[in-house]
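# The following block contains a protein sequence and its predicted model.
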Amino acid sequence: MNAVTATNFEWLGREMRAKTACYEVSVAATGERPPSWDEKIGVFGKMDDELQKDIAYLLANGDFADTTVEHKRIEEHLFKSIYAVADTEKKYKKDELPKICRMIARMELFFFLYDFLEDDYKLQGRLRMAGLLSIMDVKTYQNNWKHYGDAVKQMLVEAKLAANDHIYNYKKQLNIKN
(Lines give C-alpha, C1' and ligand atoms only; values in the text may rest on other atoms or scores of the structure.)
Protein backbone atom coordinates (compact mmCIF):
# COMPACT_ATOMS: atom_id res chain seq x y z
CA MET A 1 0.00 0.00 0.00
CA ASN A 2 1.55 3.32 -0.92
CA ALA A 3 1.99 6.10 1.65
CA VAL A 4 -0.70 8.45 0.37
CA THR A 5 -3.31 5.73 0.24
CA ALA A 6 -2.37 4.40 3.66
CA THR A 7 -2.75 7.75 5.36
CA ASN A 8 -6.20 8.42 3.89
CA PHE A 9 -7.54 5.02 4.92
CA GLU A 10 -5.83 5.29 8.31
CA TRP A 11 -7.39 8.73 8.80
CA LEU A 12 -10.81 7.32 8.06
CA GLY A 13 -10.30 4.35 10.36
CA ARG A 14 -9.03 6.27 13.37
CA GLU A 15 -12.49 6.93 14.75
CA MET A 16 -13.97 3.63 13.60
CA ARG A 17 -11.86 1.38 15.80
CA ALA A 18 -12.04 1.02 19.55
CA LYS A 19 -10.24 3.77 21.40
CA THR A 20 -7.37 3.16 23.75
CA ALA A 21 -6.07 5.43 26.43
CA CYS A 22 -3.26 7.68 25.26
CA TYR A 23 -0.81 8.82 27.94
CA GLU A 24 1.56 10.66 25.63
CA VAL A 25 2.41 14.29 26.24
CA SER A 26 0.88 16.42 23.51
CA VAL A 27 1.51 19.94 22.30
CA ALA A 28 -0.98 22.73 22.90
CA ALA A 29 -4.16 22.47 20.88
CA THR A 30 -4.86 24.80 17.98
CA GLY A 31 -8.48 25.25 18.99
CA GLU A 32 -9.70 23.37 15.94
CA ARG A 33 -12.05 20.48 16.53
CA PRO A 34 -11.17 17.30 14.64
CA PRO A 35 -13.96 15.74 12.61
CA SER A 36 -16.20 13.42 14.58
CA TRP A 37 -16.95 9.83 13.69
CA ASP A 38 -20.25 10.67 12.04
CA GLU A 39 -18.64 13.45 10.00
CA LYS A 40 -16.01 11.02 8.74
CA ILE A 41 -18.62 8.42 7.90
CA GLY A 42 -20.12 10.87 5.40
CA VAL A 43 -17.38 9.96 2.93
CA PHE A 44 -19.12 6.64 2.29
CA GLY A 45 -22.12 8.53 0.94
CA LYS A 46 -19.88 10.19 -1.63
CA MET A 47 -18.54 6.92 -3.02
CA ASP A 48 -19.88 5.64 -6.32
CA ASP A 49 -20.63 1.99 -5.59
CA GLU A 50 -20.74 -0.69 -2.91
CA LEU A 51 -17.39 -2.17 -3.93
CA GLN A 52 -15.63 1.12 -3.18
CA LYS A 53 -17.46 1.47 0.14
CA ASP A 54 -16.64 -2.06 1.22
CA ILE A 55 -12.98 -1.79 0.18
CA ALA A 56 -12.67 1.53 2.02
CA TYR A 57 -14.29 0.09 5.12
CA LEU A 58 -12.03 -2.97 5.18
CA LEU A 59 -8.86 -0.93 4.61
CA ALA A 60 -9.86 1.71 7.17
CA ASN A 61 -10.99 -0.79 9.79
CA GLY A 62 -8.11 -3.20 9.24
CA ASP A 63 -10.29 -6.25 9.87
CA PHE A 64 -9.74 -8.53 6.88
CA ALA A 65 -11.50 -11.58 8.34
CA ASP A 66 -13.45 -13.42 5.70
CA THR A 67 -16.43 -13.56 8.07
CA THR A 68 -17.15 -9.83 7.88
CA VAL A 69 -20.14 -8.66 5.88
CA GLU A 70 -17.98 -6.36 3.77
CA HIS A 71 -15.54 -9.12 2.89
CA LYS A 72 -18.38 -11.40 1.82
CA ARG A 73 -19.99 -8.67 -0.30
CA ILE A 74 -16.70 -7.91 -2.04
CA GLU A 75 -16.08 -11.59 -2.73
CA GLU A 76 -19.63 -12.03 -4.04
CA HIS A 77 -19.31 -8.98 -6.31
CA LEU A 78 -16.01 -10.23 -7.74
CA PHE A 79 -17.42 -13.72 -8.21
CA LYS A 80 -20.51 -12.48 -10.05
CA SER A 81 -18.41 -10.21 -12.26
CA ILE A 82 -16.08 -12.93 -13.52
CA TYR A 83 -18.71 -15.68 -13.52
CA ALA A 84 -20.92 -13.68 -15.90
CA VAL A 85 -18.07 -13.52 -18.42
CA ALA A 86 -16.78 -17.04 -17.85
CA ASP A 87 -20.24 -18.54 -18.25
CA THR A 88 -20.43 -17.21 -21.81
CA GLU A 89 -16.79 -17.98 -22.71
CA LYS A 90 -16.11 -21.39 -21.20
CA LYS A 91 -17.32 -24.53 -22.93
CA TYR A 92 -15.72 -27.15 -20.69
CA LYS A 93 -15.87 -27.69 -16.91
CA LYS A 94 -19.30 -25.99 -16.87
CA ASP A 95 -20.27 -27.90 -13.73
CA GLU A 96 -17.20 -26.60 -11.87
CA LEU A 97 -17.38 -23.06 -13.24
CA PRO A 98 -19.00 -21.42 -10.18
CA LYS A 99 -16.52 -23.13 -7.87
CA ILE A 100 -13.52 -22.06 -9.97
CA CYS A 101 -14.71 -18.46 -10.28
CA ARG A 102 -15.34 -18.23 -6.54
CA MET A 103 -11.87 -19.65 -5.79
CA ILE A 104 -10.24 -17.14 -8.15
CA ALA A 105 -12.16 -14.25 -6.59
CA ARG A 106 -11.27 -15.39 -3.06
CA MET A 107 -7.60 -15.88 -3.95
CA GLU A 108 -7.20 -12.48 -5.57
CA LEU A 109 -9.05 -10.72 -2.73
CA PHE A 110 -6.80 -12.41 -0.18
CA PHE A 111 -3.62 -11.32 -1.93
CA PHE A 112 -5.03 -7.83 -2.44
CA LEU A 113 -5.72 -7.41 1.27
CA TYR A 114 -2.48 -9.10 2.33
CA ASP A 115 -0.33 -7.51 -0.36
CA PHE A 116 2.86 -8.03 1.66
CA LEU A 117 2.54 -11.77 0.91
CA GLU A 118 2.60 -11.20 -2.85
CA ASP A 119 6.37 -11.71 -3.09
CA ASP A 120 6.32 -14.81 -0.89
CA TYR A 121 3.97 -16.83 -3.10
CA LYS A 122 4.65 -17.86 -6.65
CA LEU A 123 1.69 -18.73 -8.84
CA GLN A 124 1.78 -22.41 -7.91
CA GLY A 125 1.70 -21.55 -4.19
CA ARG A 126 -1.17 -19.12 -4.71
CA LEU A 127 -3.16 -21.73 -6.62
CA ARG A 128 -2.44 -24.39 -3.99
CA MET A 129 -3.52 -22.06 -1.20
CA ALA A 130 -6.77 -21.26 -3.04
CA GLY A 131 -7.46 -24.93 -3.74
CA LEU A 132 -7.29 -24.49 -7.50
CA LEU A 133 -4.49 -27.02 -7.97
CA SER A 134 -6.95 -29.77 -7.12
CA ILE A 135 -8.98 -28.74 -10.18
CA MET A 136 -6.32 -27.71 -12.71
CA ASP A 137 -2.58 -27.43 -13.13
CA VAL A 138 -0.57 -24.21 -13.28
CA LYS A 139 -0.26 -24.20 -17.07
CA THR A 140 -4.03 -24.57 -17.51
CA TYR A 141 -4.60 -21.67 -15.13
CA GLN A 142 -2.06 -19.48 -16.92
CA ASN A 143 -3.47 -20.22 -20.36
CA ASN A 144 -7.20 -20.28 -19.66
CA TRP A 145 -8.03 -18.65 -16.34
CA LYS A 146 -5.38 -16.08 -15.43
CA HIS A 147 -7.16 -13.25 -17.24
CA TYR A 148 -10.07 -13.64 -14.81
CA GLY A 149 -7.68 -13.23 -11.90
CA ASP A 150 -6.16 -10.19 -13.60
CA ALA A 151 -9.64 -8.71 -14.05
CA VAL A 152 -10.36 -9.20 -10.35
CA LYS A 153 -7.07 -7.51 -9.43
CA GLN A 154 -7.92 -4.60 -11.71
CA MET A 155 -11.39 -4.18 -10.17
CA LEU A 156 -9.92 -4.15 -6.68
CA VAL A 157 -7.16 -1.68 -7.54
CA GLU A 158 -9.58 0.67 -9.29
CA ALA A 159 -12.04 0.52 -6.39
CA LYS A 160 -9.25 1.25 -3.91
CA LEU A 161 -7.94 4.20 -5.93
CA ALA A 162 -11.44 5.63 -6.37
CA ALA A 163 -12.17 5.25 -2.65
CA ASN A 164 -8.86 6.90 -1.83
CA ASP A 165 -9.73 9.84 -4.11
CA HIS A 166 -13.11 10.20 -2.42
CA ILE A 167 -11.49 10.23 1.03
CA TYR A 168 -8.89 12.76 -0.11
CA ASN A 169 -11.53 15.07 -1.60
CA TYR A 170 -13.76 14.68 1.45
CA LYS A 171 -10.87 15.64 3.73
CA LYS A 172 -10.37 18.74 1.59
CA GLN A 173 -14.08 19.59 1.98
CA LEU A 174 -13.69 19.29 5.75
CA ASN A 175 -10.57 21.51 5.53
CA ILE A 176 -8.24 18.89 6.92
CA LYS A 177 -4.60 18.97 5.95
CA ASN A 178 -3.04 15.71 4.74
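That came in fine, so what should we check first? Residues are numbered from 1 along each chain as shown.

# Tell me the secondary structure of residue 67, please.
coil (DSSP: H, G, I helix; E, B strand; the rest coil).

# Pick out the residue closest to the middle of this structure.
residue 55 (4.1 Å; C-alpha atoms, centre = their mean).

# In contact with that one, which residues are there?
Taking C-beta atoms under 8 Å, 6 or more residues apart in numbering, we find residue 55 in contact with 74, 156, 159, 160, 163. Just so you know, the C-beta spots here come from the backbone N, C-alpha and C atoms, and that holds for glycine as well.

# Now tabulate those residues in CSV and tack on secondary structure and distance to residue 93.
Listed next are these as CSV, based on DSSP: H, G, I helix; E, B strand; the rest coil; distance: C-beta to C-beta, whole Å:
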residue, secondary structure, distance to residue 93
74, helix, 25
156, helix, 25
159, helix, 28
160, helix, 31
163, helix, 34
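
# Top of those by number of neighbours, please.
residue 163 (30 neighbours; other C-beta atoms under 10 Å).

# Not counting its neighbours along the chain, what's nearest that residue?
In space, and not counting its chain neighbours, residue 163 is closest to residue 56: 3.9 Å by C-beta to C-beta, 6 or more residues apart in numbering.

# My read is that that neighbour contacts residue 48, right?
No - counting by C-beta atoms under 8 Å, residue 56 sits too far from residue 48 to count as a contact (11.2 Å).

# if you count what's nearby, which of these two comes out ahead?
Neighbour comparison, residue 56 and residue 48: the larger count goes to residue 56, with 25 against 11 (by other C-beta under 10 Å).
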